[in-house]
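*Asks:* Sequence first, predicted model second:
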2 protein chains.
Amino acid sequence: MENFRFARQAAILGSSVFDHAPGTISLSSGAAYPPCLPNVVNEAIEAVGPLREEAMQYSPLMGLDELRQEICNYVSQDGVFCKPSNVLVTYGAKSAFDLALRTFIEPGDKVIVSRPTYMTAIHIMRTHNVQFIDIGRDEDGILTDELEATLHRMEKNAESMPKVFFDVPDFHNPTGITTTLIRRQQLLQLAQRYNFVICEDDPYRRIRFEGEPVPPIKSLDDSGHVIGLGTVSKILAPGLRVGWAIGDYQIVRRMAMQKSDGGSNAFAQRIVIQMLQSGRVNEHITELIQQMRIHRDVMVNEFSEHIPEARIRAPQGGYFLWIELPEGTDGERLVELGIREGVEVSAGRLSFPNDGSANFIRAAFSFTSEREIEEAIARLGRAWKILKSEQPKLN
Amino acid sequence: MENFRFARQAAILGSSVFDHAPGTISLSSGAAYPPCLPNVVNEAIEAVGPLREEAMQYSPLMGLDELRQEICNYVSQDGVFCKPSNVLVTYGAKSAFDLALRTFIEPGDKVIVSRPTYMTAIHIMRTHNVQFIDIGRDEDGILTDELEATLHRMEKNAESMPKVFFDVPDFHNPTGITTTLIRRQQLLQLAQRYNFVICEDDPYRRIRFEGEPVPPIKSLDDSGHVIGLGTVSKILAPGLRVGWAIGDYQIVRRMAMQKSDGGSNAFAQRIVIQMLQSGRVNEHITELIQQMRIHRDVMVNEFSEHIPEARIRAPQGGYFLWIELPEGTDGERLVELGIREGVEVSAGRLSFPNDGSANFIRAAFSFTSEREIEEAIARLGRAWKILKSEQPKLN
């Protein structure tokens, strides 16, 4: 075995590329529900047929102009008004976030996140060797009072100040909570006062089952402090690998310069343009909402039956359930036992960048059918019983 | 204008996303020749039709297993024998190189390159804040004697040692030179002795017009010190955004962990699988070689007519001509004057990571037709006459 001289960030992350065990029901990833995956045969024929020269060639670093315009139209429905020059097309919201980090962060720079936050975002931030400033959250979203006090103290102590803030304000991953308008306004004021950039990751916004939408932070932004991150992964198909960043043109152009290829696949972009222009995306969203609402309801019911001790707040939208187990529960052990029983959920610990509570798990209801969800939670219930026999104080 | 706190690498690179002026003939990028772009309608229908669930979903971080096997088969024709577990699928060779840098490099770490080297690789390395160790080259490739002396001196002075070496050994971009076997062997020995990783970027290998191929450095590697970077961009279509890295499994798995998305587009991968399995890639390469040879010959002839002072070594393959102008020529000024005349070439200076000679330009013969090449070099000849009138000592 060679003694390769890996960078610190690579050494820490290791090489544990994840493989699913066969026969296991996976509730660990927010993958798309297979029966809802769109049929894009006609769009693909158009993209690689008559538009072959566009599809098969390098494409513009910023993305196809028509797609950038369609993205403006799409987000304008949420009250975000921008020009194509504010839009950068990427391989998804995660890639967009990565480019934002490359644009602002040098190793050791500080990033603000909520406690808990999106586990894959933590992974991406770790590849940039960031320092995490983690702030608590409640039913209204991230605790802006705690954030303000933290920033105030850091400034007083002449510490290096955070440059980037990351959150998922709509149907937060993992907690499912939507940040209130007042918290959004407070956040933006803090960003302006302390000059950090808010990366507002908003993949689930349109997957709302009930309740009233809250305006995106980006829609409140008049100073350029917000980068809106979007994707078609949760509203159309993850396999298309099309997402975007919306921001001040100085920022998005610098993000484009951090790309390491000659622009994303034009034919995937062309398929998305057609789906947006024809209205098929909106039809698809309507179908997804119906399906995901059913999945959520089934999963919430199954938990109340098989793990009645779990505290669950049914989210008003999105793809995930965040399950609080009794104080003292070792959630990672439950994950292990679940895998033995043939079900895969995520340990809540993965959603905490620094130390975090152990008594949480996250379960995605997006990928599996109602029947599979029933079977999966029954299996998890068996794992739970075993855990209780191992940890008698949980009874 | 907001005073955004960009990272150093983003501040240096700026925001000058490139736009082509209309009416200009572009010889500045190694884009594909449009008439040679493949028709993949049938492959696309298969990928998004019967294989919809694969195409539209997140795909494995390492790439589709069938594609990894096909890549093994493809490179085995060059004497590189590896297993699918050694193959990581990426968005192209540049993305693969970027992941390698993320895996090995922390800001300030040293990278060895030749002087000149591939301009976009320089750009990508700059996004990682590397220090460049640039070594000269001659007709046989990079000067391994100079490299050895440099490494020896650095070691003696207890300096931090370079971790990564980057080169394009076949039809080098920009010089067109193919590195000899003995230089490749010497390089590998140096990598083993000084424990750096060779990133062997090999996009043009199969686009050989004449002469005998030289074994890839990867084919000589028995210690895992070489990462082979490949792509379908130059042999099939850049728009597919499918490339790969081949290396020790410890390295390629760590590279996968540095990805910021859920795996590349499965449908682009599926199209490539089909093109490789059906033999259409090899047919396509045969067609490309014929076409690119004609383009090269036309461009070499046009230079001898319109800029007879230029010294040009016709490359035995690849996409580029490297043009040496008389000592003292300001190549950047020629590029400026060329744009005014309606032709775009690249200043040679862009291919030098540190200081570099000014009297070079690079012209791609890949993208434009024979007629356009004729017109383009005639325009450049007019620019050359203007430059000579500005710089009388060139006459």
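*Replies:* All right, it came through fine. Numbering: from 1, shown residues only, chains lettered A, B, ... in the order given.
*Asks:* could you pull out the strands for the stretch 251-395 of chain A?
*Replies:* Using DSSP state E, counting those that start in this stretch, the strands of the stretch 251-395 of chain A run over A:311-312, A:320-324, A:343-344, A:346-347, A:360-364.
*Asks:* swap in the stretch 101-250 of chain A?
*Replies:* Under DSSP E, counting those that start in this stretch, the stretch 101-250 of chain A gives strands at A:110-114, A:131-135, A:137-138, A:141-142, A:164-167, A:197-201, A:226-231, A:243-246.
*Asks:* Now render the ones you listed as a markdown table, adding distance to A:Ala310 and mean neighbour count.
*Replies:* To be clear about C-beta, it is placed using only N, CA and C from the backbone, and glycine gets the same treatment. Supplementary listing: the strands of the stretch 101-250 of chain A in a markdown table, determined by distance: least, Cβ to Cβ, whole Å; neighbours: other Cβ atoms under 10 Å in any protein chain shown:
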| stretch | distance to A:Ala310 | mean neighbour count |
| --- | --- | --- |
| strand A:110-114 | 22 | 25 |
| strand A:131-135 | 24 | 20 |
| strand A:137-138 | 19 | 16 |
| strand A:141-142 | 22 | 26 |
| strand A:164-167 | 25 | 26 |
| strand A:197-201 | 26 | 27 |
| strand A:226-231 | 30 | 28 |
| strand A:243-246 | 33 | 27 |
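*Asks:* okay, those strands in JSON lines with distance to chain B and mean pLDDT next?
*Replies:* Compiled in JSON lines, the strands of the stretch 101-250 of chain A are given as follows (distance: least, Cβ to the nearest Cβ, whole Å; pLDDT from 0 to 100):
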{"stretch": "strand A:110-114", "distance to chain B": "11", "mean pLDDT": "98"}
{"stretch": "strand A:131-135", "distance to chain B": "14", "mean pLDDT": "97"}
{"stretch": "strand A:137-138", "distance to chain B": "24", "mean pLDDT": "96"}
{"stretch": "strand A:141-142", "distance to chain B": "21", "mean pLDDT": "98"}
{"stretch": "strand A:164-167", "distance to chain B": "9", "mean pLDDT": "98"}
{"stretch": "strand A:197-201", "distance to chain B": "7", "mean pLDDT": "98"}
{"stretch": "strand A:226-231", "distance to chain B": "10", "mean pLDDT": "98"}
{"stretch": "strand A:243-246", "distance to chain B": "8", "mean pLDDT": "98"}
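*Asks:* In JSON lines, list these along with distance to A:Trp384.
*Replies:* Shown next, in JSON lines, are the strands of the stretch 101-250 of chain A (distance: least, Cβ to Cβ, whole Å):
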{"stretch": "strand A:110-114", "distance to A:Trp384": "27"}
{"stretch": "strand A:131-135", "distance to A:Trp384": "28"}
{"stretch": "strand A:137-138", "distance to A:Trp384": "26"}
{"stretch": "strand A:141-142", "distance to A:Trp384": "30"}
{"stretch": "strand A:164-167", "distance to A:Trp384": "31"}
{"stretch": "strand A:197-201", "distance to A:Trp384": "31"}
{"stretch": "strand A:226-231", "distance to A:Trp384": "34"}
{"stretch": "strand A:243-246", "distance to A:Trp384": "36"}
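*Asks:* For B:Arg5, which of the ones you listed is the nearest?
*Replies:* strand A:197-201 (8.3 Å; Cβ to Cβ).
*Asks:* Strand partners (parallel or antiparallel) of the closest one?
*Replies:* Taking DSSP bridges as the criterion, strand A:197-201 forms sheet pairs with strand A:164-167 (parallel), strand A:226-231 (parallel).
*Asks:* biggest helix in chain A by residues?
*Replies:* Identified as the longest helix of chain A according to DSSP state H is helix A:280-306.
*Asks:* how about that one, does it reach chain B?
*Replies:* No - for a cut-off given as Cβ under 8 Å from any Cβ of the partner chain, helix A:280-306 has no contacts with chain B; the smallest distance is 11.2 Å.
*Asks:* now do stretch A:338-355
*Replies:* No - with Cβ under 8 Å from any Cβ as the criterion, chain B is not reached by stretch A:338-355; the gap is at least 14.4 Å.
*Asks:* If you count neighbours, what's buried in that stretch?
*Replies:* A:338-339, A:341-353 (16 or more other Cβ atoms under 10 Å in any protein chain shown).
*Asks:* likewise stretch A:275-294?
*Replies:* Buried-residue list, stretch A:275-294, by 16+ other Cβ under 10 Å: A:275-276, A:280-281, A:284-285, A:288-289, A:291-293.
*Asks:* what about it, average pLDDT?
*Replies:* Average pLDDT, stretch A:275-294: 97.
*Asks:* Repeat that for stretch A:385-395.
*Replies:* 88.
*Asks:* My understanding was that A:Asp78 contacts A:Val214; is that so?
*Replies:* No - contact criterion Cβ atoms under 8 Å: A:Asp78 and A:Val214 do not qualify, at 10.0 Å.
*Asks:* how about A:Ile373, what does it touch?
*Replies:* A:27, A:295, A:298-299, A:302, A:365 (Cβ atoms under 8 Å, 6 or more residues apart in numbering or on different chains).
*Asks:* I'd like these as a markdown table, with distance to B:Cys36 appended.
*Replies:* Formatted as a markdown table, the contacts of A:Ile373 follow (distance: Cβ to Cβ, whole Å):
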| residue | distance to B:Cys36 |
| --- | --- |
| A:Leu27 | 47 |
| A:His295 | 47 |
| A:Val298 | 52 |
| A:Met299 | 52 |
| A:Glu302 | 56 |
| A:Phe365 | 47 |
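*Asks:* Tell me which two in the residues you listed are the farthest apart.
*Replies:* Of all pairs in those, the most separated under Cβ to Cβ is A:Leu27 and A:Val298 at 12.0 Å.
*Asks:* so where's chain A uncertain?
*Replies:* A:1-2, A:12-21 (pLDDT under 70).
*Asks:* mind listing the helices for it?
*Replies:* Under DSSP H, chain A gives helices at A:8-13, A:41-48, A:52-55, A:65-76, A:93-104, A:119-126, A:144-156, A:181-194, A:217-220, A:249-257, A:266-277, A:280-306, A:331-341, A:370-390.
*Asks:* Tell me which of these sits most buried.
*Replies:* helix A:93-104 (a mean of 27; mean count of other Cβ atoms under 10 Å in any protein chain shown).
*Asks:* What helices and strands are in contact with that one?
*Replies:* Applying 3 or more Cβ pairs under 8 Å, 6 or more residues apart in numbering or on different chains; DSSP states H and E, one finds that helix A:93-104 contacts strand A:87-90, helix A:119-126, strand A:164-167, strand A:197-201, strand A:226-231, strand A:243-246, helix A:249-257, helix B:8-13.
*Asks:* Can you give the contact residues for stretch A:338-355?
*Replies:* Applying Cβ under 8 Å, 6+ apart, the contact partners of stretch A:338-355 are A:20-21, A:23-28, A:113, A:115-119, A:122, A:125, A:132, A:134, A:174, A:322-323, A:331-332, A:334-335, A:356-363, A:376-377, A:379-380, A:382-383.
*Asks:* doesn't B:Thr103 make contact with A:Ala7?
*Replies:* Yes - using Cβ under 8 Å, A:Ala7 is in contact with B:Thr103, at 6.3 Å.
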